[in-house]
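Novice: please find the sequence and the predicted model below.
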Amino acid sequence: MRLVVTGSSGDLGRAFLARVPAHHDVHAFDHAALDVGDHDAVRQVVEPLGPDAILNFAAFTRVDENESDQARAFRDNALGPQHLALAARAIGSVLVHISTDYVFDGEKRTPYDETDVPSPLSVYGRAKLAGERFVREIAPESFVVRVGYVYGGGNDYLSRTVRRLVSGETVGGLADRWGSPTFVGHLAERILPLVATGRFGLYHLGGPQPASWFEVLSRVQELAGSVGSVEPQRAAELGLPAPRPVSSALTSVFTPHLGIDPMPSLEEGLKDFLADALS
Ligand SMILES: NC(=O)c1ccc[n+]([C@@H]2O[C@H](COP(=O)([O-])OP(=O)(O)OC[C@H]3O[C@@H](n4cnc5c(N)ncnc54)[C@H](OP(=O)(O)O)[C@@H]3O)[C@@H](O)[C@H]2O)c1
């Protein structure tokens, strides 16, 4: 397949490019090479390539900065996917767009499936939800894939914190927020199998076990052996600008029926992550 990849130097972009089978014809664009918020640039760069699929891994992901820079939040996280959807429709490409667990408000307290009604708390969540809707309305031959608590890409919260932990530092992990920790490599490996199903729609793709970052770091501490210590933190102590859901764990009522490999356990995810991170 000919593939266009946006946001290629982000955590998911790099994990995907490291795993994509060599027979695919991949055209990867980092932020400098293609700004998805620039309508004309997207149309002029993507359409002449005529890709079979466009994989949008680009996003303005710094959740707190989305609160203070709403113009960029809606430009990059809502209009960016709109531009890609228009390009995909014009040339008959399949669009894969990545969205977030932060479209939910966390009030449900049990994992959210695809039939739950979104109610975002933050600017980031509202902008990403608007992006999902543009994609589904403009490009019906598309996949919207919601993910959350993704780790192991190198620059994410867990990768940075584990580097400090293994160097002997004491690290804090939130103990009163829960999600679906998902190893980025396991997510990346499932993107093309999902495309190959041809079963367009909205899917949740997350690790199968809800956990807090404190629980995850405590398990990392056990697996990694002689490292620093982990202390529980409460979200209120951090005073972060963007409101975040208490529990945004994801489950899926659809992906078990698609014939793609189920997401591995938290234990397998952490072991695969640590095999990379500690080597
Ligand atoms: N990581 C998670 O836990 C998580 C959770 C929920 C959803 N997601 C979603 O997963 C997807 C992949 O995120 P990630 O984890 O790989 O995040 P990431 O590491 O922050 O990567 C995002 C990439 O997008 C680029 N980018 C930002 N604005 C852009 C624009 N206007 N045009 C083109 N590129 C732009 C960034 O480049 P610069 O850094 O140079 O700006 C960065 O390389 C995103 O859709 C994100 O919303 C991730």
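Specialist: Nice, thanks for sending it over.
Novice: what ranges does the stretch 51-200 of the chain have for its strands?
Specialist: Listed in chain order, the strands of the stretch 51-200 of the chain (DSSP state E, counting those that start in this stretch) span 53-56, 94-100, 142-147, 150-151, 171-174, 182-183.
Novice: please list the residues of the stretch 1-150 of the chain that sit near the ligand.
Specialist: Taking Cβ under 6 Å from any ligand atom, the part of the stretch 1-150 of the chain that reaches the ligand is made up of 6-7, 9-13, 31, 34-37, 57-61, 76, 80, 98, 100-101, 147-150. Where C-beta positions appear, they are placed from N, C-alpha and C, glycine not excepted.
Novice: and the residue of the chain found nearest the ligand, how many neighbours does it have?
Specialist: The chain approaches the ligand most closely through G10 (2.0 Å), counting by Cβ to the nearest ligand atom. By other Cβ atoms under 10 Å, 22 other residues sit near G10.
Novice: next: Q44.
Specialist: 12.
Novice: same for the host helix or strand of it, what does it pack against?
Specialist: Per DSSP states H and E, Q44 falls inside helix 39-49. Using 3 or more Cβ pairs under 8 Å, 6 or more residues apart in numbering; DSSP states H and E, the elements in contact with helix 39-49 are strand 2-6, helix 80-91.
Novice: could the strands of the stretch 51-200 of the chain go into CSV alongside mean neighbour count and mean pLDDT?
Specialist: Shown next, in CSV, are the strands of the stretch 51-200 of the chain (neighbours: other Cβ atoms under 10 Å; pLDDT from 0 to 100):
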stretch, mean neighbour count, mean pLDDT
strand 53-56, 26, 98
strand 94-100, 25, 98
strand 142-147, 25, 98
strand 150-151, 26, 98
strand 171-174, 20, 96
strand 182-183, 24, 98
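Novice: so which bits of the stretch 151-279 of the chain are right by the ligand?
Specialist: 153, 155-156.
Novice: contacting residues for V45?
Specialist: Residues in contact with V45 (Cβ atoms under 8 Å, 6 or more residues apart in numbering) are 29, 34.
Novice: mind checking how far it is from L55?
Specialist: 14 Å (Cβ to Cβ, to the nearest Å).
Novice: ok, now R133?
Specialist: 19 Å.
Novice: then D69?
Specialist: Remark: distance between D69 and L55 (Cβ to Cβ) = 25 Å.
Novice: likewise V144?
Specialist: On the measure of Cβ to Cβ, V144 and L55 end up 12 Å apart.
Novice: residue contacts, L274?
Specialist: Per Cβ under 8 Å, 6+ apart, neighbours of L274: 162, 220, 223-224.
Novice: could you do P193 as well?
Specialist: Each residue near P193 by Cβ under 8 Å, 6+ apart is listed here: 260-261.
Novice: redo that, cut-off 10 Å
Specialist: 258-261 (Cβ atoms under 10 Å, 6 or more residues apart in numbering).
Novice: okay, helices next: where are they in this structure?
Specialist: Using DSSP state H, the helices assigned to the chain run over residues 11-19, 39-49, 63-68, 70-74, 80-91, 123-138, 157-166, 184-189, 191-197, 213-224, 235-238, 266-277.
Novice: in terms of pLDDT, where does the most far-flung residue of the chain relative to its centre sit?
Specialist: Taking Cα atoms, centre = their mean, the residue of the chain most remote from its mean C-alpha position is S226, at 30.6 Å. Note on S226: pLDDT of 71.
Novice: same thing with the one 5 residues further on?
Specialist: We have a pLDDT of 97 for E231.
Novice: over to the one 3 residues further on?
Specialist: The confidence metric pLDDT takes the value 97 at R234.
Novice: give the closest residue to it in space, chain neighbours not counted.
Specialist: Among residues not flanking R234 along the chain, D176 sits closest, at 5.2 Å (Cβ to Cβ, 6 or more residues apart in numbering).
Novice: now swap in T115 and tell me
Specialist: T115 sits nearest to V253 (Cβ to Cβ, 6+ apart), 6.5 Å away.
Novice: can you name the residues that contact that neighbour?
Specialist: Going by Cβ under 10 Å, 6+ apart, V253 touches 113-116, 203-204.
Novice: fine by me, thanks again.
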